[in-house]
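Engineer: Below is the sequence, then the predicted model.
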Amino acid sequence: MLVRFAAKSGQLPWTIASAIVGSAATLCLAPAGLGCAAAGNPSNTAYRLAVRYDVEPASIGLDRVERSERIKTELTRAGELGFDAVIFEHVEDNERGEMLEAASRCGMVAAVPDRNVQYYLLTGRLPRGYTSVEALLRAKLRGLSGRRGFAGLSIGRIPQTRDAGDRLRRTMAAAGELGVPCAVLDGSSVSATAGAGLAVVDSGDLAGVVTAPRRELGGRSPPHPSAGQDPADDLSDSPLERLLARYHGELAAGRTGGLLVDRFARAPGERVGLVTVDDTPSAAKLAAVQGLLGRARRWGPRLCGFRSEVLKEASSGGGDGISLTVFSQGPRRYVLAYNPSPERYVRGSVAVPASIGGRPVARLVEVPPTADLVAGNVFESQRGGVVIRVDLRPGDAALFEVF
């Protein structure tokens, strides 16, 4: 999945990418003032925690009143979990006000679709009475831009053709000039633009999860197996660890603009998604999502919108396989140590160069992964560099601020 933030001309464009789904997606959650305006500030509240919501599963076997109540219930659950933005799919034009109101009541902003814009993107044909996509957007967005909770235009899947990609570019550019971001989940061939992006985590990774969470972990890393212990006996494949592994991988790839959890609701019989129309989500799934959002709140605002670069000159001593990503903006710098292996634990040391970005490194201070930990480890410079100790399960990561 590729998700792009398309901002108004002169504003920062964001790019989001993920290999979890074999399609592309473009996303922008809000007009100017949101996104990563306060990048690098640990108290920054603009780091979005978004969820994609398809209303079709809520329509199966229900009348309009029942459907509306189910959508409100599921959005309420999303808001209670801690999401602050929602990307709608398969919403009719006359239902957009209802969806915006429902999202807003739950404390979330939302992107909603438009049938005529989608028709143009699919066919290249403008509705009667319109001579340009710019005119179409001005007319269609006039009634939405001032609505409470409106954060952008959601666009559905389009063909993977050059013409469709060109139409999407024109539409995004026109919407950007109007100050309206676009959220496009599609299979288009639109290329990515430079900048930060959302970390996309697929809730389908929780398919088949029915066990209760280990509450004593509190979102922290589970204990590593001792010598000779079967790794399958620990919690490395717990619901929380599955989601965190995805999130860490996205951060390591430089996607620091926010978090998007894909596939919130699912239809009966499907195995992906958090909630269904015929049952309630398991405690394990809900706890896993809350743990993921907690990690994102803890680390995300610090890295929001930072430039990223893989640190290739780092050396290791038993820490083979660890990926180091440097995030920088102005005087602030962070290093993310990430274990990309899906099955191998890594224990050892990693030497960080004495200079990063042309500036010396005096020490690295670990950023605690959860709010209940007040402070992390401190590693001082010795002999021309800083050596950090890592003890990372598969998919685990540790974040350090550089001083």
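Structural biologist: Yes, it's here. Residues are numbered from 1 along each chain as shown.
Engineer: Between the two ends of stretch 322-337, how far is it?
Structural biologist: Distance across stretch 322-337, first residue to last, is 6 Å (CA to CA, to the nearest Å).
Engineer: next SSE after the top helix by length along the chain?
Structural biologist: In the chain, ranked by residue count with DSSP state H as the criterion, the top helix is helix 283-303. Once the chain leaves helix 283-303, the next helix or strand it forms, by DSSP states H and E, is strand 307-310.
Engineer: Mind listing what's buried along that next one?
Structural biologist: By neighbour count on 16 or more other CB atoms under 10 Å, the buried set for strand 307-310 is Ser308. Glycine gets a C-beta too; all of them are placed from N, C-alpha and C.
Engineer: average model confidence for that strand?
Structural biologist: The average pLDDT for strand 307-310 rounds to 92.
Engineer: can you check stretch 375-395 too?
Structural biologist: Per-residue scores along stretch 375-395 average to 88.
Engineer: Give me the buried positions along it.
Structural biologist: For stretch 375-395, by 16+ other CB under 10 Å, it's 376, 379, 381, 386-388, 390, 392-395.
Engineer: ditto for stretch 63-79
Structural biologist: For stretch 63-79, burial by neighbour count (16+ other CB under 10 Å) applies to 67-68, 70-72, 74-75, 77-79.
Engineer: Listing request: residues of the stretch 1-150 of the chain with sub-threshold pLDDT.
Structural biologist: Applying pLDDT under 70 to the stretch 1-150 of the chain flags residues 1-45.
Engineer: Could you name the helices and strands sitting against the longest helix of the chain?
Structural biologist: Helices and strands touching helix 283-303, by 3 or more CB pairs under 8 Å, 6 or more residues apart in numbering; DSSP states H and E, are strand 48-54, helix 64-81, strand 198-202, helix 239-252, strand 258-262, strand 363-367, strand 397-402.
Engineer: Dump these into CSV; add distance to Gln160 as well.
Structural biologist: What follows is the helices and strands packed on helix 283-303, written out as CSV (distance: least, CB to CB, whole Å):
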stretch, distance to Gln160
strand 48-54, 20
helix 64-81, 30
strand 198-202, 19
helix 239-252, 23
strand 258-262, 19
strand 363-367, 39
strand 397-402, 33
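Engineer: For the stretch 101-250 of the chain, just list every one of the helices.
Structural biologist: 115-123, 133-141, 162-177, 239-252 (DSSP state H, counting those that start in this stretch).
Engineer: Which strands or helices does the first one pack on?
Structural biologist: Helices and strands in packing contact with helix 115-123 are listed as helix 133-141, strand 150-155, helix 162-177; criterion 3+ CB pairs under 8 Å, 6+ apart.
Engineer: Nearest to Met108, out of those?
Structural biologist: Closest of the helices and strands packed on helix 115-123 to Met108 is strand 150-155, at 8.8 Å (criterion: CB to CB).
Engineer: mind listing what that closest one pairs with, with the direction of each?
Structural biologist: strand 109-112 (parallel), strand 182-186 (parallel) (DSSP bridges).
Engineer: Let's see it as CSV, backbone CA atoms only.
Structural biologist: What follows is strand 150-155, C-alpha atoms only, in CSV (Å, rounded to 0.1, in the frame of the first residue of the first chain):
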residue,chain,number,x,y,z
PHE,A,150,-14.1,17.3,7.3
ALA,A,151,-10.5,16.7,6.7
GLY,A,152,-10.3,15.7,3.0
LEU,A,153,-11.6,13.9,0.0
SER,A,154,-11.4,10.1,0.0
ILE,A,155,-10.9,8.5,-3.4
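Engineer: Just the angle for it relative to helix 115-123, thanks.
Structural biologist: If you take axes from the mean of the first three to the mean of the last three CA atoms, to 10 degrees, strand 150-155 sits at 30 degrees to helix 115-123.
Engineer: What is the distance between strand 150-155 and the centre of its chain?
Structural biologist: Distance of strand 150-155 from the chain centroid (CA atoms, centre = their mean, to the nearest Å) equals 16 Å.
Engineer: got the angle between that strand and strand 48-54?
Structural biologist: Using the same axes, to 10 degrees: strand 150-155 against strand 48-54 is 40 degrees.
Engineer: Nearest to Ile356 among the helices and strands packed on helix 283-303 would be which one?
Structural biologist: Comparing these by CB to CB, strand 397-402 comes nearest, at 6.2 Å.
Engineer: buried stuff in the closest one?
Structural biologist: 397-402.
Engineer: Check stretch 296-313 too.
Structural biologist: Residues of stretch 296-313 classed as buried under the neighbour-count rule (16+ other CB under 10 Å) are 296-306, 308, 311.
Engineer: what's the answer for stretch 252-267, then?
Structural biologist: Buried, per 16+ other CB under 10 Å, within stretch 252-267: 252-267.
Engineer: cool, stretch 102-109 as well?
Structural biologist: Buried residues in stretch 102-109 (16+ other CB under 10 Å): 102-104, 106-109.
Engineer: Show me which of the residues you listed is closest to Pro368.
Structural biologist: Gly107 (26.1 Å).
Engineer: and the closest residue to the closest one other than its chain neighbours, what does it touch?
Structural biologist: Distance criterion CB to CB, 6 or more residues apart in numbering; nearest residue to Gly107, sequence neighbours excluded, is Gly79 at 5.1 Å. The contact partners of Gly79, by CB atoms under 8 Å, 6 or more residues apart in numbering, come to 106-108.
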